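Q: predicted model, plus sequence, below.
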Amino acid sequence: MAGTALRGRLTWQLAKVVAVTAETASVRTIAVDVPEWPGHQAGQHVDIRLTDEDGYMAERSYSIASAPGEPVALTVERIDDGEVSPYLTDELRAGDSLELRGPIGGYFVWEPEDAGPLLLLAGGSGIVPLRSILRHRERSGSSVPVRLLYSARTLDDVIYQGELDNRAARVEVVYTLTRHQPPGWSGYARRVDPAMLAEVAWPARMTPLAYVCGPTSFVEAASQALVRSGYQPGLVKTERFGGTGGS
Amino acid sequence: MSPVSRGFHRRRQDSAENAGRVPPGQYVTKDFPVLSAGPTPHTPLDGWNFSVGRPGRQRTWNWAEFRDLPSEDVTVDIHCVTKWTKLDTAWQGVSVDTLLDLAGHDGPFAMAHCDGGYTTNLPVEDLTGGKAWVAYAYGGQPLEPEHGGPARLLVPHLYFWKSAKWVRGLEFMDTDEPGFWENYGYHIYGDPWREQRYAGD
């Protein structure tokens, strides 16, 4: 678990962009080739650094979307008034160089031996590190039961939808669409609340391991509801996308 | 020397407008982002206390006693390792100098202990000399739980993970032991002006 701590210095590396793929209207997955990648755990992130012609630099953190053992891929949502994310989603293309360092973070990670059952709660682009966990579980042949509750504004905002739906036979995926639902939608249509979690989440007596990632309001509401339903606070790991307008 | 990122242009002027106040790699935010590794604890005030010392010989204050200690109003800039900087944040709390004057000094390093199990390590000299507080109000209001209430450490000259939320005590140590994030690869000291984000920086 403390793997990162033992690796020593995190040096900046020049990665090569291999492909940029559209996930939704505002989300891109950026596959990069990192020459000396030390490997990562599911759930970790990297720091990106951009430099302009005047030498001005901007740094941001992004979750790794790919599983350990796969080439590094980042999934980035465009924040319209941001400085870095619009560049990554709109300007960056295959062949470009990208400075990064990582992997970073060793707490919001999952390994097959951490067992479960696993409860993954995603709000918006909070799905990204959880997708790494899902892929890691599948690639490692883990049979740990997993449920994913994914809150998105609309169906068009669901990232990795094809992948998640194709996996639904072995992974229970439940969506809630908070802003707009397609005609005939029979799923949830509200923000995550205790009643929804009572229906979707593993019962606390199974001592589930929960990963909650998304905007602060989502993480606060979801993690509080889990703890109040009996989840052990130490088994509820959270990653909050701080405020707004940052990226 | 970092290569120019093709097609990248600066869109923020905040670090230029606030020259000398924004450490390298940081951007200015007007929000107050929240970052925590687990659920927010909600400790009732009648079950809250604060301890300073070594195990077995501590000075402990309950909430009422703690609120009776002399407090200070401080306005400081804060810098989170996740890259945001927030300028002119206004806090009220008890200076760690006040606490250590009452509890005594008992070692060169300290570990902050918090509800939820979070810890972070600091040299005592970074907690003294008017550099650190145990803050219980922000912007004139009681500190909200998601921002660390009832009380959090405030050590603004270091990255903000050192300003431990939900802090309940300071334990003196003879040697500098890593706390929670320091054990996961974050810098043992965390000076934003030297960009000490991760081990080895």
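A: Ah, there it is.
Q: ranges for the helices of chain B?
A: With DSSP state H, the ranges of helices along chain B come out as B:14-17, B:63-68, B:96-103, B:180-183.
Q: just checking the distance from stretch B:149-162 to the centre of its chain.
A: 1 Å (C-alpha atoms, centre = their mean, to the nearest Å).
Q: show the end-to-end separation of it, please.
A: End-to-end distance of stretch B:149-162 (C-alpha to C-alpha, to the nearest Å): 15 Å.
Q: got the domain ranges for chain A?
A: Domain assignment for chain A by automatic domain parsing gives A:3-104, A:112-241.
Q: ok, residue B:15 to chain A distance?
A: Per C-beta to the nearest C-beta, to the nearest Å, residue B:15 is found 8 Å from chain A. From N, CA and C alone the C-beta is placed, and that goes for glycine too.
Q: need the pLDDT of residue A:78.
A: Looking at residue A:78, its pLDDT reads 95.
Q: am I right that it is in contact with residue A:23?
A: No: using C-beta atoms under 8 Å, residue A:78 makes no contact with residue A:23, being 11.0 Å away.
Q: between these two, tell me which one has more neighbours.
A: Higher neighbour count among residue A:78 and residue A:23: residue A:23, with 23 against 19, using other C-beta atoms under 10 Å in any protein chain shown.
Q: what's the helix or strand for that one?
A: Using DSSP states H and E, residue A:23 sits in strand A:13-24.
Q: so what's the residue of chain A most remote from its centre closest to, chain neighbours aside?
A: Each residue of chain A has a distance to the centre, and by C-alpha atoms, centre = their mean the biggest one is for residue A:54: 32.9 Å. Distances taken as C-beta to C-beta, 6 or more residues apart in numbering or on different chains put residue B:10 closest to residue A:54, at 7.2 Å, once the chain neighbours are dropped.
Q: buried sites along the helix or strand that the strand holding residue A:23 is followed by?
A: The C-terminal neighbour of strand A:13-24 among helices and strands, as given by DSSP H and E, is strand A:27-33. Neighbour-count burial for strand A:27-33, counted by 16 or more other C-beta atoms under 10 Å in any protein chain shown, picks out A:27-32.
Q: re the thing from before, will you turn the helices of chain B into a markdown table that also has mean neighbour count and mean pLDDT?
A: Putting these into a markdown table (neighbours: other C-beta atoms under 10 Å in any protein chain shown; pLDDT from 0 to 100) gives the following:
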| stretch | mean neighbour count | mean pLDDT |
| --- | --- | --- |
| helix B:14-17 | 14 | 78 |
| helix B:63-68 | 14 | 98 |
| helix B:96-103 | 18 | 98 |
| helix B:180-183 | 21 | 96 |
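Q: okay, those in TSV with distance to residue B:159 next?
A: As requested, those are exported to TSV (distance: least, C-beta to C-beta, whole Å):
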stretch	distance to residue B:159
helix B:14-17	17
helix B:63-68	26
helix B:96-103	17
helix B:180-183	9
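Q: what's the nearest residue in chain B when you look at chain A?
A: Residue of chain B nearest chain A, by C-beta to the nearest C-beta: residue B:33 (2.4 Å).
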